[in-house]
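Student: Quick one, fold the following:
(one chain, ligands or ions: 1)
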Amino acid sequence: MAERPLTLMAVHAHPDDEATSTGGVLARYADEGVTTVLVTCTDGRCGDGPGGVKPGDPGHDPAAVVAMRRAELAASCAVLKVSHLETLGYADSGMMGWSTNDQPGAFWTTPVAEAAGRLAELIRQYQPDVIVTYDENGFYGHPDHIQAHRITMAAVELTDSPAKVYWTTVPRTAFEQFGRVMRELGVDWAEPDEAVPPLGLPDDEITTWVDANSYGGQKFDALAAHASQTENIFFLQLGRDRFTELMGVETFVRVSDRTGAPTPEDDLFAGLR
Ligand SMILES: [Zn+2]
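Tutor: The predicted structure follows:
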């Protein structure tokens, strides 16, 4: 049908986000011959440093963190067989309220139009059929994730592309399953606070469930490439099988579509092949 290979573009905030939320689809679609493009917006300088040094602590050297995370990102992309890695190079803004939010070059304070213009150039270059990014809350409220959402939706507007746009999400039932496994493993697992807006979506609001169980090992290895970050070590402690059991199916909400493919669907490229 198509003369050029189908193309998937994933727009992420930090090095490691590609593995956590889209490692399965990146690995699976690459294996199916789809061209995969990863756009990573920030340099991750507010992450843990070599030796586990926390941001703000003595010895946390942003330049060293950036170099380390850049190498980790390259290793993760090799595992996931990402066809093209593009980095926008904005400074990691840190968590909401950190002074780093307003530092020169921080992604959070970069005008949306400016960053969206750069992303639009990449969209014109690669002509993705499918773009994946976060929802308007960046899933969990991190400023760089929110900004990645904003620039992606603005760039989509500028280019009138692609055929399908998705936001990553997690089914509420998956959080319950996760809590169960954590308690089984004896991990001190706090139930989500009822007072905060709940993360993820009710299962019946999720349009797209992609089975990437066969690629769970690759997803695990991609995350293992980012083992310098404490929150990833937590997931890695699950081990490969348990990790795949919990993270093997990736879920999305389809927010824009020109194919008319019925939902729920089990393929980001449904209606395109
Ligand atoms: Zn992130």
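Student: Setting the sequence-adjacent residues aside, check what's closest to the residue of the stretch 1-150 of the chain found nearest the ion.
Tutor: The nearest approach of the stretch 1-150 of the chain to the ion comes at His14, 3.6 Å away (C-beta to the ion). (C-beta placed from N, C-alpha, C; glycine too.) Sequence neighbours aside, Gly44 is the residue nearest to His14 in space, at 4.7 Å (criterion: C-beta to C-beta, 6 or more residues apart in numbering).
Student: That neighbour: how many residues sit nearby?
Tutor: Look at Gly44: counted by other C-beta atoms under 10 Å, it has 28 neighbours.
Student: Let me know the distance separating it from Asp144.
Tutor: From Gly44 across to Asp144, the span is 9 Å (C-beta to C-beta, to the nearest Å).
Student: Quick check: the residue nearest to His14 vs Leu185, distance?
Tutor: For Gly44, the distance to Leu185 - C-beta to C-beta - is 28 Å.
Student: Need the contact partners of the strand or helix carrying Phe178.
Tutor: Assessed by DSSP states H and E, Phe178 sits inside helix 172-184. Applying C-beta atoms under 8 Å, 6 or more residues apart in numbering, the external contacts of helix 172-184 come out as 189, 191-192, 198-203, 238, 242, 245-246, 251.
Student: Kindly recompute the last result at 7 Å.
Tutor: Contacts to helix 172-184, defined as C-beta atoms under 7 Å, 6 or more residues apart in numbering, come from residues 189, 191-192, 198-203, 242, 246.
Student: Selection in PyMOL covering whichever of these are buried, please.
Tutor: The PyMOL selection below is limited to those of the contacts of helix 172-184 classed as buried (16 or more other C-beta atoms under 10 Å):
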select buried, resi 200+201+242+246
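Student: and the contacts of helix 172-184 as a markdown table, adding pLDDT and secondary structure?
Tutor: Listed next are the contacts of helix 172-184 as a markdown table, based on pLDDT from 0 to 100; DSSP: H, G, I helix; E, B strand; the rest coil:
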| residue | pLDDT | secondary structure |
| --- | --- | --- |
| Trp189 | 70 | coil |
| Glu191 | 67 | coil |
| Pro192 | 61 | coil |
| Pro198 | 76 | coil |
| Leu199 | 83 | coil |
| Gly200 | 88 | coil |
| Leu201 | 93 | strand |
| Pro202 | 93 | coil |
| Asp203 | 94 | helix |
| Arg242 | 92 | helix |
| Leu246 | 92 | helix |
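Student: Switch the contacts of helix 172-184 over to CSV; also include distance to Arg172.
Tutor: Listed next are those as CSV, based on distance: C-beta to C-beta, whole Å:
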residue, distance to Arg172
Trp189, 16
Glu191, 13
Pro192, 9
Pro198, 7
Leu199, 8
Gly200, 5
Leu201, 7
Pro202, 6
Asp203, 7
Arg242, 20
Leu246, 14
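Student: so which of the contacts of helix 172-184 comes closest to the ion?
Tutor: Leu199 (14.2 Å).
Student: In the chain, what helix or strand scores lowest on average pLDDT?
Tutor: helix 172-184 (a mean of 85; mean pLDDT, DSSP states H and E).
Student: got the buried residues for that helix?
Tutor: For helix 172-184, by 16+ other C-beta under 10 Å, it's 172, 174, 182.
Student: Let me know the closest of these to Ala222.
Tutor: Ala174 (19.3 Å; C-beta to C-beta).
Student: Checking Thr87 next. Helix, strand or coil?
Tutor: The three-state label given to Thr87 by DSSP: H, G, I helix; E, B strand; the rest coil is strand.
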